[in-house]
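Undergrad: Fold the stuff below for me.
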Amino acid sequence: MQNDVTDKRRLIVRVDDAGSSWAANMGCLRACTDGIARSVEVMMPCTWTQHAAMVFNAHTEIDIGIHLTLTSEWDAVKWRPLTPAPSLTDAHGQFLPQLLARDGDNRPALQHHPWDIADVEAEFRAQIVLGKTMFAEATHVSAHMIRHFADFDPRLGVLIAALCAEFGLRDDPFGQGVPRFAGYPPQPRDAAQRTTAFVAQLAGLTPGTHIFIDHPAVPSQDLAALGHTGYEDVMEDRISCLHVLTDDAVKQAVADLGIDVISCADAAAD
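TA: Residues are numbered from 1 along each chain as shown. Prediction:
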């Protein structure tokens, strides 16, 4: 998918990781109902997916994506595949923490594991079938913890394209080349500074279609327990994200600048 060649400025605002916790579900909901988010990505293997269905199926105006998942990154909370997938799991039957090994992170990564593409196909198919069953209006798929699974292995790009065609879904605009809008630097986590940075970057948004992706959440004890080495302040980060997406200054800047805030489905409809 290529950037628009018109002079319109369009921003897909997508929020990820619904299904992973109550805090994520409620944060994603608020980001849509009280803020500028338009698409929500739901992780099907997680424990709060049923709650996500209860929440989001009551809001048909919110665009839903199936967030294809092959990793379980937190130290204190784990999820398992929906299918028997021995080549994708650790000794406890849980997804591994990483797809691609990162500098300074010694936890297991799938790239160094003898994974089988047949297991990936079965698992992705199961996640899509469940997603279509629980979210009948789902419009697209997206990738958890990576821009697109084709970046992990090109064969997975072919596989996902075939599954999308089979199930009448669109592939993720981000994974198909829509450029990412940074919004604000990762640090500091301070909500006021992030809001100021976001508004400033909106002013510099160039013509065409861009995508902003983040992970809003509301405070909860479960969220406070999440993290891993190098990312211990998960709750502070994600609450700050929600503040930015719902801040009046951000909404006013979007209106004043004439930026069209859209969903993944809106972008695909062009």
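Undergrad: Could I get the full set of strands for the stretch 101-250 of the chain?
TA: 140-143, 208-214 (DSSP state E, counting those that start in this stretch).
Undergrad: Point out the most buried one among those strands.
TA: Highest mean neighbour count of these: strand 140-143, a mean of 25 (counted as mean count of other C-beta atoms under 10 Å). (Glycine included, C-beta is placed from N, CA and C.)
Undergrad: Residues in contact with it: which ones?
TA: 14, 16, 39, 41, 63, 65-68, 128, 149, 160, 163-164, 169-175, 264-265, 268 (C-beta atoms under 8 Å, 6 or more residues apart in numbering).
Undergrad: now these: which count as buried?
TA: Using 16 or more other C-beta atoms under 10 Å as the burial test, the contacts of strand 140-143 include 14, 16, 39, 41, 63, 65-68, 128, 149, 160, 163-164, 169-175, 264-265, 268 as buried.
Undergrad: and stretch 184-202, which residues are buried?
TA: Result for stretch 184-202 [16+ other C-beta under 10 Å]: buried residues 184, 189, 191, 194-199, 201-202.
Undergrad: Quick check: the farthest pair among those?
TA: Largest separation among those by C-beta to C-beta: 189 and 202, giving 19.9 Å.
Undergrad: from what I can see residue 146 touches residue 98, true?
TA: No - between residue 146 and residue 98 there is no contact under C-beta atoms under 8 Å: 9.8 Å.
Undergrad: Neighbour count for the two, which is higher?
TA: Ranked by neighbour count (other C-beta atoms under 10 Å), residue 146 and residue 98 place residue 98 first, with 23 against 18.
Undergrad: who's the more buried one bridged to?
TA: Counting by DSSP bridges, residue 98 is bridged to residue 109.
Undergrad: My guess is it contacts residue 106. True?
TA: No - between residue 98 and residue 106 there is no contact under C-beta under 8 Å: 9.9 Å.
Undergrad: how about the helices in the stretch 51-200 of the chain?
TA: 117-134, 154-167, 191-203 (DSSP state H, counting those that start in this stretch).
Undergrad: tell me the angle of the last one relative to strand 208-214?
TA: To tie it back to what came earlier, the one meant is helix 191-203. 170 degrees (axes from the mean of the first three to the mean of the last three C-alpha atoms, to 10 degrees).
Undergrad: for helix 191-203, what is the average pLDDT?
TA: Regarding helix 191-203, the rounded mean pLDDT is 98.
Undergrad: do the second one as well
TA: Averaging pLDDT along helix 154-167 gives 98.
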